[in-house]
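Visitor: Next comes the sequence, and after it the predicted model I'd like to discuss.
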Amino acid sequence: MERRIEQEVFPILGEGIDRFTQRIRGILTGLPPQRWVSSEILHYQVIERRAETGQLRLNSTPEGADVYLNDRYAGKTPLVMEQLRIGEYVARVELSGYQTWTRTIQINPDRTAFVHANLISVKRYGSIAIRCNEDDARIYLDGQYKGLTEKNRNVLLEQVEEGFHDIRITLSGYRDWSQRVEVKPNQRIQLTVNLERISRTGSLEITCDVDNAMIYLDGKYQRRTSLNRSITIGNISEGTHELRITKEGYQDYITTVRIYPDQTYRINVRMQPERREGSIALNCNESNAKIFVNGTYMTTTSINQARIMDGLKEGVYEITVIKDGYHTWLDEVWVYSGETTDVYVNLIKISN
């Protein structure tokens, strides 16, 4: 029997209990009974050789990442592996949107290896285009100043990290505009910004030296003046306005006023009487003739150009033209306010 066993390849337990049993049975049944039945005792000690193992606990931030050990998929984080053979392993952790994490880890007998992977996000960028209805408004991205708007033209913010961002547009005298947007990789967001002007008002106080004159602001009738008493017009929007005060018999009073928020602009108006004057343009066929208006000498004629006599109040005037050797010319003319009356004089020589 010893020779039989020596001639066979003795089975190894590492092949498994079932396989070991079959191999032993094959050796023994192949011998005649008298060959293996003996008073001799066969001593055979079966020693189970156990592989040495350890444990692995692997987690990541964020969780849910895929774990590979020596390029073989092992599961998702948080990962717990029992009975892992001792030795070195190359651990690889992968998650979409994050850089791949790789580390060599050592598994020791009957010990637990604790490993944590801090995953670093892969930065991806998009852009934001801002079109505003006003110039020079300030642009803020997540509280950081980025530049000024251009009226009805796009201002582009490039290399904006993907994710949610806060956009704020500010301009003095206008309400702030803000919006939260989501930037996606390789995409552009178009924003249209309509800033609304803040309505701030002041008032205008007018004192006038004539009564019952009509007050207009930016061409719109407001009310009438009161002699030497102030008139107040309220709720006037901030900015520059045209003030006009009119009354028959007086020249129009026109000026520009600047209204500031929560302030009163005061103005004292003195109306000027309207000048109702006209003029006479006298043309004559002879030079050096004397011109009299209502008996008052004014000037002499010129054959080449008309003589203008202005500053005449509206009404009837007697015009006399005298020159030696000529018949005196006399006539009445009507002068109208704001107009020039043309007079043509034809002097006639005196016959001998």
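Guide: Sure thing, it's come through.
Visitor: The residue positioned nearest the centre of the chain pairs with what?
Guide: In the chain, the C-alpha nearest the mean C-alpha coordinate belongs to residue 169, at 4.3 Å (C-alpha atoms, centre = their mean). Per DSSP bridges, the residues bridged to residue 169 are residue 139, residue 177.
Visitor: quick one: contacts for it?
Guide: For residue 169, the contacting residues are 130, 132, 137, 138, 139, 140, 149, 176, 177, 178, 193, 195, by C-beta atoms under 8 Å, 6 or more residues apart in numbering. Glycine gets a C-beta too; all of them are placed from N, C-alpha and C.
Visitor: Low-confidence stretches in the protein?
Guide: Scanning the chain for pLDDT under 70 picks out 1-21, 23-51, 352.
Visitor: ranges for the helices of this structure?
Guide: Counting by DSSP state H, the chain has helices at residues 2-7, 17-29, 33-36.
Visitor: Which residue, other than its chain neighbours, is closest to residue 313?
Guide: Excluding its sequence neighbours, the residue lying closest to residue 313 (C-beta to C-beta, 6 or more residues apart in numbering) is residue 277, at 5.7 Å.
Visitor: dump the residue contacts of the one you found.
Guide: Here residue 277 is in contact with 310, 311, 312, 313, 314, 337, 338 (C-beta under 8 Å, 6+ apart).
Visitor: From residue 314, how far out is it?
Guide: Residue 277 sits 7 Å away from residue 314, going by C-beta to C-beta, to the nearest Å.
Visitor: In contact with residue 197, which residues?
Guide: 173, 174, 175.
Visitor: closest to residue 210 among those residues?
Guide: residue 173 (37.0 Å; C-beta to C-beta).
Visitor: circling back: for the residue nearest to residue 313, give its distance to residue 103.
Guide: Distance of residue 277 to residue 103, given as C-beta to C-beta: 105 Å.
Visitor: Walk me through the domains of this protein.
Guide: Domain segmentation of the chain under automatic domain parsing yields 2-36, 53-118, 127-193, 201-269, 277-345.
Visitor: Let me have the ones you listed in CSV, extended by distance to residue 351.
Guide: CSV is the format used below for those (distance: least, C-beta to C-beta, whole Å):
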stretch, distance to residue 351
domain 2-36, 167
domain 53-118, 122
domain 127-193, 84
domain 201-269, 52
domain 277-345, 10
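Visitor: list the contacts for residue 226?
Guide: Contacts for residue 226 were tallied using C-beta under 8 Å, 6+ apart; they are 208, 211, 212.
Visitor: In terms of distance to residue 251, which of those ranks first?
Guide: Looking across these and measuring by C-beta to C-beta, the closest to residue 251 is residue 208, at 13.3 Å.
Visitor: From residue 201, how far out is the residue lying closest to that closest one once chain neighbours are set aside?
Guide: Leaving aside its chain neighbours, residue 208 sits nearest to residue 225 (3.9 Å; criterion: C-beta to C-beta, 6+ apart). Distance of residue 225 to residue 201, computed by C-beta to C-beta: 22 Å.
Visitor: what do you get for residue 282?
Guide: Here residue 282 is placed at a distance of 58 Å from residue 201 (C-beta to C-beta).
Visitor: Looking at the two, which one has more neighbours?
Guide: residue 282 (23 against 14; other C-beta atoms under 10 Å).
Visitor: Can you spell out which residues form a bridge with that one?
Guide: Under the criterion used (DSSP bridges), residue 282 bridges to residue 307, residue 343.
Visitor: my guess is it contacts residue 306, does it?
Guide: Yes - the pair residue 282 and residue 306 qualifies as a contact (C-beta atoms under 8 Å) at a distance of 6.1 Å.
Visitor: Show me where the stretch 201-350 of the chain has its strands.
Guide: Per DSSP state E, counting those that start in this stretch, the stretch 201-350 of the chain carries strands over the ranges 201-208, 214-217, 220-224, 231-237, 239-246, 253-259, 264-269, 277-284, 290-293, 296-300, 307-313, 315-322, 329-335, 340-345.
Visitor: Much appreciated, bye for now.
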